[in-house]
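Visitor: This is a predicted model, with the sequence first.
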Amino acid sequence: MNILSVKNVSKNFDGVHALDRCSFDVCDGEILGLIGPNGSGKTTMFNAITSIYPIDRGKIILDGEDITGTKTHEIADMGLSRTFQLIRLFPKLTVMDNMLIAQKYVHGEKLWPQLFKKRHVMNEEKEKIKKAKELLNIVNLGHKSDELAENLSYGQQKLLEIIRTLATEPKILLLDEPIAGVNPTMTKEILNLIKSLNKKGMTIVIIEHNMNVMMNFCDRIIVMDYGKEIAAGKPADIKKNRKVIEAYLGGRKSNIDEFK
């Protein structure tokens, strides 16, 4: 069953085809890798799916519902969350505050009950803090809850950004280069977290340049080049695909095993 479908999506920037009639499906419960050379349109695709960029043509279908043109925060409310290439935490706020900002407050967002701190608002706040602590403990950041986000290591910030998306209770998670620039120990921790989330039923779409990781980590891979999908399939098939080899290596090798 498909949880996300991209149908004939195009996006132009001043005449440049960043996305050119792209179509693919994401199956419920899979880890799907999205790879391609720099500038191939991978992050633009994430931005199109989440309505950061309005698309010029095509449709985005989430869990059977057309979300084309839907506001970004509404898409998050519908169960699709994402991270970014560049970390987008609030560096001057604490780890806990970063977690709380990501959660919806049913009553507390309204001024009147906030002013008088009615019991239901206070109870809701306690529940949000409890949930945030539980999520932080998953990645061993519970003891850092009062630290400013900017004081965390780079790898810890990556973990916080991923775990913060879970506060929105997503069904599908888009991860844009979650291990880029991270040391091997933290890379293993981040990948273990992603695998754990997937085992619990979350659908993951991941952009990453580490081909060794992608080929051994993903259930299925889609390859993009010049804004188009040029291949899709199991990692073993992608390694031998001629179009993929040419996109990465100009046809020099019989596979892409040389990428680490």
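Guide: That came through fine.
Visitor: where do the strands sit along this protein?
Guide: Per DSSP state E, the chain carries strands over the ranges 2-13, 16-27, 31-35, 57-62, 65-66, 80-82, 172-176, 203-207, 220-225, 228-233.
Visitor: Show me what Glu61 is bridged to.
Guide: To be clear, residue 61 is Ile; Glu isn't right here. Ser5, Asp66 (DSSP bridges).
Visitor: Now do the contacts for it.
Guide: Shown in contact with Ile61 (Cβ atoms under 8 Å, 6 or more residues apart in numbering): Asn2, Leu4, Ser5, Lys7, Ile67. Using the backbone N, CA and C atoms, a C-beta is placed for each residue, glycine as well.
Visitor: about what we covered before: quick check: which of the strands of the chain is nearest to Ile190?
Guide: Nearest to Ile190, of all the strands of the chain, is strand 172-176, at 9.1 Å by Cβ to Cβ.
Visitor: That closest one vs strand 16-27, what angle?
Guide: If you take axes from the mean of the first three to the mean of the last three Cα atoms, to 10 degrees, strand 172-176 sits at 140 degrees to strand 16-27.
Visitor: For the residue nearest to Asp63 when sequence neighbours are not counted, which residues are in contact?
Guide: Nearest residue to Asp63 in three dimensions, chain neighbours excluded: Ile3, at 5.6 Å (Cβ to Cβ, 6 or more residues apart in numbering). Residues in contact with Ile3 (Cβ under 8 Å, 6+ apart) are Val26, Cys27, Asp28, Leu62, Asp63, Lys171, Ile172, Thr203.
Visitor: at 6 Å instead, please
Guide: Val26, Asp28, Asp63, Ile172, Thr203 (Cβ atoms under 6 Å, 6 or more residues apart in numbering).
Visitor: what about this protein, any weak spots by pLDDT?
Guide: 104-121, 249-260 (pLDDT under 70).
Visitor: show me where it has helices.
Guide: 42-49, 72-77, 95-102, 111-116, 119-138, 154-165, 184-199, 211-217, 235-240, 242-249 (DSSP state H).
Visitor: okay if I get those helices as JSON lines plus distance to Ala18?
Guide: Converted to JSON lines, those look like this (distance: least, Cβ to Cβ, whole Å):
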{"stretch": "helix 42-49", "distance to Ala18": "5"}
{"stretch": "helix 72-77", "distance to Ala18": "18"}
{"stretch": "helix 95-102", "distance to Ala18": "28"}
{"stretch": "helix 111-116", "distance to Ala18": "41"}
{"stretch": "helix 119-138", "distance to Ala18": "34"}
{"stretch": "helix 154-165", "distance to Ala18": "24"}
{"stretch": "helix 184-199", "distance to Ala18": "27"}
{"stretch": "helix 211-217", "distance to Ala18": "22"}
{"stretch": "helix 235-240", "distance to Ala18": "22"}
{"stretch": "helix 242-249", "distance to Ala18": "16"}
